[in-house]
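S.K.: 3D model of this:
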Amino acid sequence: MELEICAISAADTLAVRLPVLRPGRPAASAVFDGDQEPSTIHLGAVVADEIVAVVSLMKTPMVEQIDQVAYQLRGMATQPQWQGQGLGRQLLSACTDAVDQVKGDIIWCNARAHVVGFYRAAGYQAIGAPFHIVDVGQHQKMFLPLP
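M.R.: Numbering: from 1, shown residues only. Okay, the predicted model is just below:
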């Protein structure tokens, strides 16, 4: 498998975001505020010219670290047939590199409960109590300070 992680457009994220994160919902539910901001970074894992995993990084302050240049990781998704093959880890590594290049200090996310262990294994730390997002489920706020 030859994998390339590269910059993609906001529109390109929808082919993975919608079926994985918003199954059965209207396409508009997979469009996020901030997708079109010039500071937003969209990355895709591409295999044989097909985008199989995506993630977006939006320059968004983290309330607990307001003095830091923070990027919120959003919409991370991998097509089901590609899950469990390390693409998520590679995307997280590319996120760290991308935020480092734009002089960011911290990456944070609202991780779905079932992937908290995945983020912990990548060095992310939990902050605050778990919380519920209507129509999405239980989440935990997590962050990764960059060196």
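
S.K.: Would you confirm that residue 61 contacts residue 67?
M.R.: No: using CB atoms under 8 Å, residue 61 is not in contact with residue 67, being 9.3 Å away. No exception for glycine: its C-beta is placed from N, CA and C like everyone else's.

S.K.: if you count what's nearby, which of those two comes out ahead?
M.R.: A count of neighbours by other CB atoms under 10 Å puts residue 61 above the other of residue 61 and residue 67, at 15 against 8.

S.K.: what about residue 46, neighbour count?
M.R.: 18.

S.K.: check contacts around it.
M.R.: Shown in contact with residue 46 (CB atoms under 8 Å, 6 or more residues apart in numbering): 3-6, 52.

S.K.: most surrounded residue in those residues?
M.R.: Most surrounded of the contacts of residue 46: other CB under 10 Å gives residue 52, at 21 neighbours.

S.K.: just to revisit the earlier point, farthest-separated two in the contacts of residue 46?
M.R.: Based on CB to CB, the longest span within the contacts of residue 46 runs between 6 and 52 and measures 12.3 Å.

S.K.: Could you name every residue contacting both of these two?
M.R.: 44, 46.

S.K.: Sheet-wise, list the partners of the helix or strand containing residue 76 with their directions.
M.R.: According to DSSP states H and E, residue 76 maps onto strand 70-78. With DSSP bridges as the test, strand 70-78 is paired with strand 50-59 (antiparallel), strand 106-112 (parallel).

S.K.: ok, so of the contacts of residue 46, who is nearest residue 123?
M.R.: Distances from residue 123 to those, taken by CB to CB, are shortest for residue 5, at 18.4 Å.

S.K.: From residue 92, how far off is that closest one?
M.R.: 10 Å (CB to CB, to the nearest Å).

S.K.: Could you do residue 147 as well?
M.R.: Distance from residue 147 to residue 92, by CB to CB: 15 Å.

S.K.: same check, this time on residue 2
M.R.: 20 Å.

S.K.: what's the answer for residue 121, then?
M.R.: 10 Å.
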